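**Student:** Mind folding the following:
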Amino acid sequence: MEGSKLLYIIVVLAFNVVLWFGFSILKKKNRSSVKKQIVRSVSLIVQFVVMLISTGLLLRVFQIKVEKLLAVELFSLGESVSVTGFLILFLVFAVAFLIYTNRFLTRVLSNSKGTQRIPRRVISGLRRWVTLVVLLIIISGVIQFSDHAFPFFSITLFSLQDVQITIGKIIQALFIGFTVHVCIISFEYFYNERINKKGIDKGKGHTIFQIVKYFVWVITVVLILSNIGLSVNVLLAGSAALFVGLGFGVQSLFNDFVSGLIILFEGTIRVQDIVELENGIIGKVQEIGLRTSKLLTRDNIVTIIPNNNFVGKNVINWSYNEHKTRFKVDVGVSYGSDVRLVEKILIKCASEHDKIYSTPQPFVYFNDFGESSLDFSLFFWIDDSFWVEKVRSDLRFAIHDKFKENDVEIPFPQRDLHIRSGYKD
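**Tutor:** Numbers count the residues shown, from 1 in each chain. Model (predicted):
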């Protein structure tokens, strides 16, 4: 080997070693997670490109042409696709780039300070959308770099209404649908942030958003069908008989669906409302869907309720008028007790509780002269009616302690038993 060629090889290898060592030092200096990921990504791309160029230069030293070497056909797929070394190299690079892009976005979006407040599903949706775009670009690149035009997107899967459903149309429909989904969840986050800043009622805001969301999805489905080449009118006309048949079999399903629309448009029940159903279930409305709604009970259990239970049955909405709700605690004292003292004790117990409103003021009703006790009711207002049982329990503890301090007795039921004399066997 000539001295000049050997020197040329040493210089190329030394350049690669210095480049690798320099990027290693640069990555160690950047401790910030985001900067470190950016430097790492750029360094990998630069090192890969430099390695390819260096390999080509070294092969030229030995008079080996890279273009001819990579252009050799290894095998073929069918009659139209020729698999060469260049195509395999491009595929390896594309797949590696796709995997690393996904990891890079995951780390950057997870560790950035500005994204800590954004919900995980929004971050995940954006990351997957970018990854999907990269994947489509890679597929297009693979097709373009193949030796022969490979009609991947034009492959027909099946036919519907004399319309050829190809892979390209399916991918286009999936891409549009996923893009709309990501836009909706992103808009929902910023919409909720705006509602919180403006102090708008969350229930009304959620209802408006749900209506807009369903309207957007209807338009999206119509556009997807139009792009595929399917006529919506023909589909509806052709499926009318099917809908009639289904109507008899799934009446409850359509009933729930229509009930969901009624709830959303009327606004009688909103998210965050406290409701009580006929079967005694009490919960906070977490989500109102088209078919079912989710209630969070006091046991921290999410109950899924069909929407017709809110429309076709009696429902108590404790939060409909305003968030303040009146409740009461019943208590009985022994005959002979100072009723005015009892009234003062009950009002004092309510006034000392931090969850009970001072305006309107708590008050006491002397209900009745019971069989074994003088019956009273303590009325009070609270804001968080979802946890009213906790407040009632606190009041009962406080009333018991105050009665004990003031010698007020809480009686138990008593019965007098009279025995007649002169009983004979």
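**Student:** Surely Phe376 is within a strand?
**Tutor:** Yes. Under DSSP: H, G, I helix; E, B strand; the rest coil, Phe376 sits within a strand.
**Student:** hang on, it packs against Leu341?
**Tutor:** No. Using CB atoms under 8 Å, Phe376 makes no contact with Leu341, being 11.5 Å away. Placement of C-beta: from N, CA and C, glycine included.
**Student:** Those two: which has the busier surroundings?
**Tutor:** Phe376 (23 against 15; other CB atoms under 10 Å).
**Student:** Next up, the contacts around the more buried one.
**Tutor:** Going by CB atoms under 8 Å, 6 or more residues apart in numbering, Phe376 touches 330-333, 342-343, 346, 364-367.
**Student:** Show the model's pLDDT score for it.
**Tutor:** pLDDT for Phe376: 96.
**Student:** so what's it bridging to?
**Tutor:** Taking DSSP bridges as the rule, Phe376 bridges to Val331, Phe366.
**Student:** Narrow the contacts of Phe376 to those that are buried.
**Tutor:** By neighbour count, with 16 or more other CB atoms under 10 Å, the contacts of Phe376 hold 331-333, 342-343, 346, 364 as buried.
**Student:** Quick check: the farthest pair among the residues you listed?
**Tutor:** Pairwise distances across the buried ones among the contacts of Phe376 (CB to CB) peak at 13.7 Å, for the pair Gly332 and Glu343.
**Student:** related to what we said a few turns ago, show me the buried ones among the contacts of Phe376 that map onto helices.
**Tutor:** Members of these lying in helices (criterion: DSSP state H): 342-343, 346.
**Student:** Of those residues, which is the nearest to Asn321?
**Tutor:** Once CB to CB is applied, the member of those that ends up nearest Asn321 is Leu346, at 25.8 Å.
**Student:** so where's the stretch 51-200 of the chain shaky on pLDDT?
**Tutor:** 52, 55-87, 94, 107-117, 138-139, 141-153, 155-157, 160-161, 198-200 (pLDDT under 70).
**Student:** Then the stretch 201-350 of the chain?
**Tutor:** Using pLDDT under 70, the stretch 201-350 of the chain drops low at 201-204, 231-251.
**Student:** right, and Ile316 touches Glu276 too?
**Tutor:** Yes. Between Ile316 and Glu276 a contact is recorded at 4.1 Å, counting by CB under 8 Å.
**Student:** I'd like the ones in helices among the buried ones among the contacts of Phe376 laid out as JSON lines, including distance to Gly289.
**Tutor:** Formatted as JSON lines, these follow (distance: CB to CB, whole Å):
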{"residue": "Val342", "distance to Gly289": "49"}
{"residue": "Glu343", "distance to Gly289": "48"}
{"residue": "Leu346", "distance to Gly289": "44"}
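**Student:** Pick out whichever of the residues you listed sits closest to Asn308.
**Tutor:** Nearest member of those to Asn308, counting by CB to CB, is Leu346, at 42.2 Å.
**Student:** After the one helix or strand Gly168 maps to, which helix or strand is next? Please name it.
**Tutor:** Of the helices and strands defined by DSSP states H and E, Gly168 is found in helix 167-198. Counting by DSSP H and E, the next helix or strand C-terminal to helix 167-198 is helix 202-228.
**Student:** Go through that next one and flag the buried ones.
**Tutor:** 203, 205-207, 209-210, 220, 224, 228.
**Student:** And stretch 372-379, by the same measure?
**Tutor:** Across stretch 372-379, burial judged by 16+ other CB under 10 Å covers 373-376, 378-379.
**Student:** same thing with stretch 379-396?
**Tutor:** Under 16+ other CB under 10 Å, the buried positions of stretch 379-396 are 379-382, 385-386, 388, 391-392, 394-395.
**Student:** Pull the most distant pair out of those.
**Tutor:** Across those (CB to CB), the longest gap, 19.0 Å, separates Phe379 and Phe386.
**Student:** Tell me the bridge partners for Ile382.
**Tutor:** Going by DSSP bridges, Ile382 forms beta bridges with Thr325, Ile356.
**Student:** heads up, I number from 12, so please use that
**Tutor:** All set: I'll call the first residue 12, so the last point we hit is now Ile393.
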